[in-house]
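What follows is a predicted protein model with its sequence.
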Amino acid sequence: NLTVVAICQHALGLGLGIATYLLLRRLGAGRWGGALGAAPILLDAYQVDLEHYVLAETLFQSLLMGSLLLMVWWARPSYAALAMAGVLLALCGITRFVGLALIAPALVYVLWARLGWLRLVALAAGFGVTLGFYTLVIRPAGDDAPPVRSGYFLYGRVAAFADCREVPVPSDLRPFCLDESDQVDR
């Protein structure tokens, strides 16, 4: 049910705003500073619009915020908190490919904050074990899921503006052409 998806994503969006406010307050921003920091997440029409669609953005943002909370909530986070932050960062990377790059700034933060080598290893291990488990166990079992570079992804990117009258389309692919009424105004 798509209504349930929208409700869950709105709840995640509200949680993001609350988490942003609480984190900013924890880091020393006053009430107004926390409110100003949370306002873009809570009041941005684009953010609310994204929460109505079946997209990975809200989940990605929530996983990222969770990892950020685990890393900076305490002055010296525990090994378990950093390992869990690594797990959430790996899940960010699984949710959206660009999330894989987020481990680099997280590792730099642990080094910069001088949290110690064991905490750095805990963060990297949480990330590596989760990503390795997904790569070796879960992904091979779900071969029916289309990879990012498949035709499904490309179709989703061009279907709204492609004009099948102007390009040669094989007859077996003609059902995928949108009607003129479905086309985006150019």
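Okay, I see it. On a predicted model such as this, the values are computed, not experimentally measured, just so you know.

average model confidence for stretch 30-43?
Across stretch 30-43, the average pLDDT comes to 90.

chain center to stretch 81-100, what's the gap?
The chain centroid and the centroid of stretch 81-100 are separated by 9 Å under C-alpha atoms, centre = their mean, to the nearest Å.

give me the element the spatially most central residue of the chain is part of.
Nearest to the geometric centre of the chain sits Phe60, at 1.6 Å (C-alpha atoms, centre = their mean). In the assignment (DSSP states H and E), Phe60 maps to helix 57-72.

And the helix or strand following that helix, what's buried?
Sequence order places helix 79-95 as the next helix or strand after helix 57-72, per DSSP H and E. Buried residues in helix 79-95, counting neighbours by 16 or more other C-beta atoms under 10 Å, are found at 79, 81-95. Quick note: C-beta positions are derived from backbone N, CA and C, even for glycine.

With stretch 93-111 instead?
Within stretch 93-111, the residues that count as buried by 16+ other C-beta under 10 Å are 93-96, 99, 102-103, 106-107, 109-110.

of the residues you listed, closest to Ala6?
Thr95 (17.9 Å; C-beta to C-beta).

Quick check, the closest one in contact with Glu57.
No. The pair Thr95 and Glu57 does not pass the contact test of C-beta atoms under 8 Å, sitting 9.1 Å apart.

Run through the residues that contact Gly93.
By C-beta atoms under 8 Å, 6 or more residues apart in numbering, the residues touching Gly93 are 99-103, 131.

out of those, which are inside helices?
103, 131 (DSSP state H).

for this structure, what helix or strand is lowest in average pLDDT?
Lowest on mean pLDDT, DSSP states H and E among the helices and strands of the chain sits helix 151-158, with a mean of 61.

which regions of the chain sit below the pLDDT cut-off?
For the chain, the stretches flagged by pLDDT under 70 are 139-160, 179-186.

list the contacts for Val121?
For Val121, the contact set (C-beta under 8 Å, 6+ apart) is empty.

The helix or strand containing it: which residues count as buried?
Secondary structure from DSSP H and E places Val121 in helix 117-133. Neighbour-count burial for helix 117-133, counted by 16+ other C-beta under 10 Å, picks out 119-124, 126-127, 130-131.

Now render these as CSV, adding distance to Asp44.
CSV is the format used below for the buried residues of helix 117-133 (distance: C-beta to C-beta, whole Å):
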residue, distance to Asp44
Arg119, 34
Leu120, 34
Val121, 37
Ala122, 34
Leu123, 30
Ala124, 33
Gly126, 31
Phe127, 29
Thr130, 30
Leu131, 30
